[in-house]
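Q: The following comprises the amino acid sequence and a computationally predicted model.
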Amino acid sequence: MRRLICTIGLLFAAAASACAAPLPLEQVAPGVYVHIGQHKDFEDGYDGDIANIGFVVGSQSVAVIDTGGSYAVGLRLKEALRAITRLPVRYVINTHGHPDHVFGNAAFAGAEFVGHARLPEALSLRGDAYLRNLKQQLGAAAEGSRLIAPGITVRERQTLDLGGRTLLLTAWPKAHTDNDLTVLDTASGTLWTGDLLFIERTPSIDGDAEGWLAAMDGLGDMPAAMTVPGHGPVTRDKKGALARQRNYLATLLRDVRSSIRRGAGMTETMETAAASERPHWQLFDAVNRRNVNLVYPRLEWE
Amino acid sequence: MKNRPHGSRCRYYLSSLTALACLACPLPAPAQAPAQAPDGSWPALQAAYFPGKKLEPAPFIRLTAPSRAASGDQVPFAFSIDHPMTEKQYIKSVAVFVDGNPVPLTAVFHLTPDSGKAEIATRIRLESDSPVHVVAESNDGRFYVNAVMVKASGGCSGPATGDEEAARAGAGKMKLALDTPFKRGDLNKATLLIRHPMSTGMQRDLATHGFRPAYFIDRIAVTYNGKPVLTADTNIGISENPSIQFGFLADKPGALQILVHDSEGATFRQAMDLGG
């Protein structure tokens, strides 16, 4: 019936937002569904659908893990979810505060929002700028997007019960951002890393590169049959993916330090640092430059 | 204004203001203004800072900036002016404006023949995509202008990094180094790094639910053997932990001395002996 109403609704463009086209999903483990975002840069063709988002279905309720970069994307995730289960969405977990992961939150208003203990602060510091940028990037497609801060915050660890299924949440020290949270579905051994792990897409630093390398040691130790990165394909080879990311971050730090030592300026370093990693990553030029821009001014005080 | 009953009077005031403003306009009619305003607020800035002056377009002011900056917080920006720097003929000041910033005047660099070359590299903040205008004044009273468009965002109102207390405690610490070994009787280049939050007054403060007060370096004075080689009047458009690369002529061994002053009246000093 609902589908029929939506089909009718779609005939009238005005009602489209109430029943958006469902996002394509992959079932990566029993009851674990992921929508794989595309590798687009924020400054070039950004459509709000670049991050991996999805949900885990328990016997009594559902937990959504990240909601996409706009209200519209969040609605499309919800539409896909409703095609799979009628169980209530009890939790919405945000793996960190970046706009491509959280602006779909409003589509799940009414659920309990869960995030790192530092997420509320990050959202209030940057929320205005994030929303301004989103409107500039998406225009009318940003409509309805707003930030919802978590009511449940995690300092170290916490479990959520979905009915016969437990999610283990881990809050990390400053790494990709200062509010990274991972989610382990213990039933299937699926680890959602958020942006602590990038596959294919060049890792972007907004926290602390050294801290991120340390967090990756911890991620390596976590048991996971399947790993859902923040960007890129789902993998069974967490170790290999972490090693590739480690190569990039370590090379970047080494090259920037070496530039500073020999007196090369930041602009020149943006062109040269981590160049050996370029063939291995997508969107390398744009993201790597931003990383150098962040890392260089800090490392020159070492 | 919508609660006030005298809408028509408001319109009257507005239109008379427009008329007054146009008396001061060199352009014949306001309708033509948009056609020549690809760089937005520059005509107004020029009128405010250089009233009655003729600004000559100057491709010899060479500007280096990313067309699309990786971050609005730390945008690398440099100018290099191909102009003599002799006692008879030199560039005495260079003003840098980011047209679209809340405080467009980012810095004024005062130079002397002992600067050796009118050339500075630094890092600036951009709140939004904006032209950056550079106006150079020569000692014979001529004004030269050039501009470059830079895309970036969030540099002024974006979150301050780190803890304000820690930033205040560390403010004024400096690193000063020559870029190449000392060259006697020649142009030398040095890079100065200064620890300072350069708070813009537009960054949110979660503790007070307001904004961190503006707190920034407003003057950097550099001398070599007591002679001024650079005096920079700086504002919030200069990035946190300022980095400034400058040149100076060194006729003999001596001391390069830095004196930094901030908006709360604190002063910080640094010196380096060269060629000894």
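A: Perfect, I can see it now. Numbers count the residues shown, from 1 in each chain, chains lettered A, B, ... in the order given.

Q: biggest strand in chain A by residues?
A: strand A:190-198 (DSSP state E).

Q: Show me what it packs onto, helices and strands only.
A: Helices and strands touching strand A:190-198, by 3 or more C-beta pairs under 8 Å, 6 or more residues apart in numbering or on different chains; DSSP states H and E, are strand A:181-185, helix A:209-221, strand A:226-231, helix A:238-261. Where C-beta positions appear, they are placed from N, C-alpha and C, glycine not excepted.

Q: What is the end-to-end distance of stretch B:259-276?
A: Length of stretch B:259-276, first residue to last, C-alpha to C-alpha, to the nearest Å: 22 Å.

Q: Show me which residues of that stretch are buried.
A: Using 16 or more other C-beta atoms under 10 Å in any protein chain shown as the test for burial, stretch B:259-276 gives B:260-263, B:268, B:270, B:272, B:274.

Q: now stretch A:170-189
A: For stretch A:170-189, the neighbour count (16+ other C-beta under 10 Å) marks A:170-172, A:174-185, A:187-188 as buried.

Q: returning to what we had before: using JSON lines, please lay out the helices and strands packed on strand A:190-198 together with distance to residue A:285 and mean pLDDT.
A: Listed next are the helices and strands packed on strand A:190-198 as JSON lines, based on distance: least, C-beta to C-beta, whole Å; pLDDT from 0 to 100:
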{"stretch": "strand A:181-185", "distance to residue A:285": "29", "mean pLDDT": "98"}
{"stretch": "helix A:209-221", "distance to residue A:285": "19", "mean pLDDT": "97"}
{"stretch": "strand A:226-231", "distance to residue A:285": "17", "mean pLDDT": "98"}
{"stretch": "helix A:238-261", "distance to residue A:285": "14", "mean pLDDT": "98"}
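
Q: Mind putting the ones you listed into CSV with distance to residue B:45?
A: Output for the helices and strands packed on strand A:190-198, formatted as CSV (distance: least, C-beta to C-beta, whole Å):
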stretch, distance to residue B:45
strand A:181-185, 46
helix A:209-221, 39
strand A:226-231, 42
helix A:238-261, 35
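
Q: how about CSV for the ones you listed, with distance to chain B added?
A: What follows is the helices and strands packed on strand A:190-198, written out as CSV (distance: least, C-beta to the nearest C-beta, whole Å):
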stretch, distance to chain B
strand A:181-185, 19
helix A:209-221, 14
strand A:226-231, 19
helix A:238-261, 11
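
Q: Can you list the low-confidence ranges for chain B?
A: Applying pLDDT under 70 to chain B picks out residues B:1-40, B:159-162.

Q: An error on my part: the question was meant for chain A.
A: Counting by pLDDT under 70, chain A has low-confidence residues at A:1-19.

Q: what does it have sitting close to chain B?
A: Counting by C-beta under 8 Å from any C-beta of the partner chain, chain A comes close to chain B at A:43, A:121, A:124-126, A:128-129, A:133, A:263, A:265-267, A:270, A:286, A:289-290, A:292-294, A:297, A:300-301.

Q: In this structure residue A:134 contacts residue A:99, no?
A: Yes: using C-beta atoms under 8 Å, residue A:134 makes contact with residue A:99 at a distance of 6.1 Å.

Q: From the residues of chain A next to chain B, which land in helices?
A: Members of those lying in helices (criterion: DSSP state H): A:121, A:124-126, A:128-129, A:133, A:266-267, A:270, A:286, A:289-290, A:292-294, A:297.

Q: From these, list the buried ones, please.
A: Neighbour-count burial (16+ other C-beta under 10 Å) is assigned, among these, to A:121, A:124-126, A:129, A:133, A:266-267, A:270, A:286, A:289-290, A:292-294, A:297.

Q: re earlier: so which of the helices and strands packed on strand A:190-198 comes closest to residue B:193?
A: When those are compared by C-beta to C-beta, helix A:238-261 sits nearest residue B:193, at 10.6 Å.

Q: returning to that earlier point: can you give me the angle the longest strand of chain A makes with strand A:226-231?
A: Counting by axes from the mean of the first three to the mean of the last three C-alpha atoms, to 10 degrees, strand A:190-198 lies at 40 degrees to strand A:226-231.

Q: from the chain's centre, how far out does strand A:190-198 sit?
A: Centroid displacement of strand A:190-198 relative to its chain, using C-alpha atoms, centre = their mean, to the nearest Å, is 8 Å.

Q: So for that strand, what gets flagged as buried?
A: Applying 16+ other C-beta under 10 Å to strand A:190-198 flags A:190-198 as buried.

Q: Same question for stretch A:233-243.
A: Buried residues in stretch A:233-243, counted by 16+ other C-beta under 10 Å: A:234-235, A:238, A:241-242.

Q: same thing with stretch A:155-166?
A: Buried positions in stretch A:155-166, judged by neighbour count with 16+ other C-beta under 10 Å: A:160, A:162, A:165.

Q: For chain B, what is the nearest residue in the stretch 1-150 of chain A?
A: As assessed by C-beta to the nearest C-beta, chain B sits closest to residue A:125 within the stretch 1-150 of chain A, at 4.0 Å.

Q: need the contact list for residue B:215.
A: With contact set as C-beta atoms under 8 Å, 6 or more residues apart in numbering or on different chains, residue B:215 has these partners: B:168, B:197-199, B:262-264.

Q: Turn those into JSON lines, including distance to residue B:114.
A: Shown next, in JSON lines, are these (distance: C-beta to C-beta, whole Å):
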{"residue": "B:168", "distance to residue B:114": "34"}
{"residue": "B:197", "distance to residue B:114": "31"}
{"residue": "B:198", "distance to residue B:114": "27"}
{"residue": "B:199", "distance to residue B:114": "33"}
{"residue": "B:262", "distance to residue B:114": "25"}
{"residue": "B:263", "distance to residue B:114": "28"}
{"residue": "B:264", "distance to residue B:114": "30"}
